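Novice: model this:
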Amino acid sequence: MADIASTPDEHVIQALDNKITAVRTNSLDFSFNELADMHSTGELVIRPEFQRLFRWPEGAQSRFIESLLLELPVPPIFLIERDDRIYELIDGLQRISSFLHFRGQLEKDGELLEPLILSDCDIVPELNGYAHADLPRSLAIKLKRSYIRAEILRKESDPRLRYYMFKRLNTGGERLSEQEVRNATIRLLSNDFNLFIVELSENPDFTYLTSIISDNARNKKFDQELVLRFLALKNDFDSYQHDVADFLTDYMEKVSDPDILIDFDEQTERHVFTKTFKIFRLIADKLDTGPKIFGALGKAGEPRGQFSVYHYEGLTLGLQAVLDQIDPENPEHIDNLAAIVQSGKRDPDFLKHGGGGKNYRNPLRFRVEYFAERFKAVLA
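Specialist: Predicted coordinates for the structure are as follows:
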């Protein structure tokens, strides 16, 4: 008779049991008054780089306060317990910040914001116009005694499982961008690579050349995603099979996970990145495109103020084939490269491999090789 412990089903059960025992959690109910006090004394840390930005409009904040006063159920928040017993908020920023804003305890850039005045309350519109200081005493007491469930991941838990727990959390509200999720979650493995991406995103040439992306996209860390795209596609293109978002996340995990040995030299990567965008700044100056060098083209072939990932990838990655041969101080090099950029961005053969539905492996390979071959030809 076969040993039941060796069956595939038993292995699956055992694997799950092993992971369950690696997680240590508590569920506690906190009053909002307690949470506000913990935040003011540093016992509860809200880290912007670890959480979505506070984006709820004042109407949404007001309706949350209204929900508390009406004793409506609200979703739990999630906390991580650090080694020093301090709690870090990993999900629930919108709710906690709304309460702090109403209480006049919410800071931005080191300064207290003006207290929230309720507006757009649609169940009890009589609340509209009230500030916290104006509430009847009974309602103020009721509000501060309102409770919320907190799911706490204890410090004894396996850090890798802590990472995956946050990665999968999505308890409502405004959805995080892919890059915001990466930035927030990756620090549970290691924050070094994330900080390196942030550093490169602040490079003056890169900042200038990507300044046409919208404020909303920049707030969602799209500029940092562009840095990650460059590094991931340059160094690990063979791993890109289907979804680009999953590919970028996988690459960030590979570089950040201390248990995965991957060849990544920050000094070399910084040099390559800096030289690449210095060259494109010079090309942009030569062509008089300004920051529209990576812009899509209008009907007359003029650069538009709409950033194109397809142009960005083709140009920056294609340049890697000749990067070592380029002398940025040599005007002839810049002139020759500029001519290729100008003609390539108008070439129907290049353009048909970009645009909607072309964000996958084969069109990307074509876009990169298109410019790589032409850059090689003019520098031969």
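Novice: least trustworthy helix or strand in this structure by mean pLDDT?
Specialist: Every helix and strand of the chain was ranked by mean pLDDT, DSSP states H and E. The lowest is helix 159-168, at a mean of 66.
Novice: what about the strands in the stretch 201-350 of the chain?
Specialist: 295-297, 303-307 (DSSP state E, counting those that start in this stretch).
Novice: and those as TSV, adding mean pLDDT and distance to N216?
Specialist: In short, each C-beta sits where N, CA and C put it, glycine included. Output for the strands of the stretch 201-350 of the chain, formatted as TSV (pLDDT from 0 to 100; distance: least, CB to CB, whole Å):
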stretch	mean pLDDT	distance to N216
strand 295-297	79	17
strand 303-307	80	12
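Novice: would you list those in CSV and tack on distance to L69?
Specialist: Shown next, in CSV, are the strands of the stretch 201-350 of the chain (distance: least, CB to CB, whole Å):
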stretch, distance to L69
strand 295-297, 49
strand 303-307, 44
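Novice: among these, which is nearest L112?
Specialist: strand 303-307 (35.9 Å; CB to CB).
Novice: nearest to G129, of the strands of the stretch 201-350 of the chain?
Specialist: Across the strands of the stretch 201-350 of the chain (criterion: CB to CB), the nearest stretch is strand 303-307, sitting at 41.1 Å.
Novice: Okay, now the sheet partners of that closest one, with direction.
Specialist: Neighbouring strands of strand 303-307 in its sheet, by DSSP bridges, are strand 295-297 (antiparallel).
Novice: From what I see, F78 and A150 are in contact.
Specialist: Yes - contact criterion CB atoms under 8 Å: F78 and A150 qualify, at 7.5 Å.
Novice: Following element in sequence after whatever helix or strand H11 lives in, please.
Specialist: Following DSSP states H and E, one finds H11 within helix 8-20. Sequence order places strand 25-31 as the next helix or strand after helix 8-20, per DSSP H and E.
Novice: Give me the number of neighbouring residues for the residue nearest to E43 when sequence neighbours are not counted.
Specialist: Once flanking residues are discounted, E43 sits nearest to I86: 6.1 Å by CB to CB, 6 or more residues apart in numbering. Number of residues near I86 (other CB atoms under 10 Å) recorded here: 15.
Novice: Wait, a helix at V74?
Specialist: No - using DSSP: H, G, I helix; E, B strand; the rest coil, the secondary structure at V74 is coil, not a helix.
Novice: before we move on, back to that, quickly note the distance from the residue nearest to E43 to L93.
Specialist: 16 Å (CB to CB, to the nearest Å).
Novice: what do you get for D259?
Specialist: D259 sits at a distance of 30 Å from L93 (criterion: CB to CB).
Novice: Would you confirm that L228 contacts M252?
Specialist: Yes - here L228 reaches M252: they are 6.3 Å apart, a contact under CB under 8 Å.
Novice: Need the overlap of contacts for the two.
Specialist: Common contact partners of L228 and M252 (CB atoms under 8 Å, 6 or more residues apart in numbering): R182.
Novice: where exactly do the strands run in the stretch 51-200 of the chain?
Specialist: Using DSSP E, counting those that start in this stretch, strands in the stretch 51-200 of the chain cover 77-81, 87-91, 107-108, 111-112, 147-153.
Novice: Out of those strands, the one nearest M38 is which?
Specialist: M38 lies closest, by CB to CB, to one member of the strands of the stretch 51-200 of the chain: strand 87-91, at 7.1 Å.
Novice: packing partners for that closest one?
Specialist: For strand 87-91, the packing partners by 3 or more CB pairs under 8 Å, 6 or more residues apart in numbering; DSSP states H and E come out as strand 44-45, strand 77-81.
Novice: could I get those as CSV with distance to E269, mean neighbour count and mean pLDDT?
Specialist: Shown next, in CSV, are those (distance: least, CB to CB, whole Å; neighbours: other CB atoms under 10 Å; pLDDT from 0 to 100):
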stretch, distance to E269, mean neighbour count, mean pLDDT
strand 44-45, 31, 18, 90
strand 77-81, 30, 21, 85
